[in-house]
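J.: coords please:
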Amino acid sequence: MASRAGVRAVRRSAVEGGADAGAERPGCGAPVWPVPVGAPAPLAEPDRADLRLETVMGALSDPLRVRIVRTLLLESEAFDHTCGWFGFDRPKSSLTHHFRALRDAGLIRQRQYGLERRSHVRVDDLEARFPGLLALVADWDG
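T.: Coordinates of the predicted model:
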């Protein structure tokens, strides 16, 4: 299992290699990516104060959803990513269901760009409500 320092080192090396890199976020090593100018508004999601631990943990109870969040935390190279970026061999309807469950639980933020939705983890909101949770997800090697 990776240590928190190891997770930060992985994220730091990804940040240093990217031209759009931001500063590292405290707590889980994820960088602060700037919102692109002209980005569409996020799709409906719960407010920070409405995030519930049982809902978040329920969404993370599915192994594919944990992989999605972990991949976004450890391997993101830009502000947000499409479902195709993950390379999952799953039907689009199945992936849509999983991404919606993550968004409805408040784990990810999605924006609609034409016909595609792009996602990123709501690191600031989750760290504020559940400190250390994302570090556990990043360290998970299940």
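
J.: pLDDT value on residue 20, please?
T.: The score at residue 20 is 37. That number is its pLDDT.

J.: low-confidence bits of the chain, can you list those?
T.: The chain contains residues with pLDDT under 70 at 1-34, 36, 77-87, 142.

J.: go with 50
T.: Counting by pLDDT under 50, the ranges of the chain that qualify are 1-27.

J.: quick one: the helices in the protein, in order.
T.: Secondary structure of the chain by DSSP state H: the helices cover 4-17, 53-59, 63-75, 92-105, 123-129, 133-139.

J.: so which of those comes closest to residue 111?
T.: helix 92-105 (10.6 Å; Cβ to Cβ). Using the backbone N, CA and C atoms, a C-beta is placed for each residue, glycine as well.

J.: show me what the closest one is packed up against.
T.: Judged by 3 or more Cβ pairs under 8 Å, 6 or more residues apart in numbering; DSSP states H and E, the packing partners of helix 92-105 are helix 53-59, helix 63-75, strand 108-113, strand 116-121.

J.: all set now, cheers.
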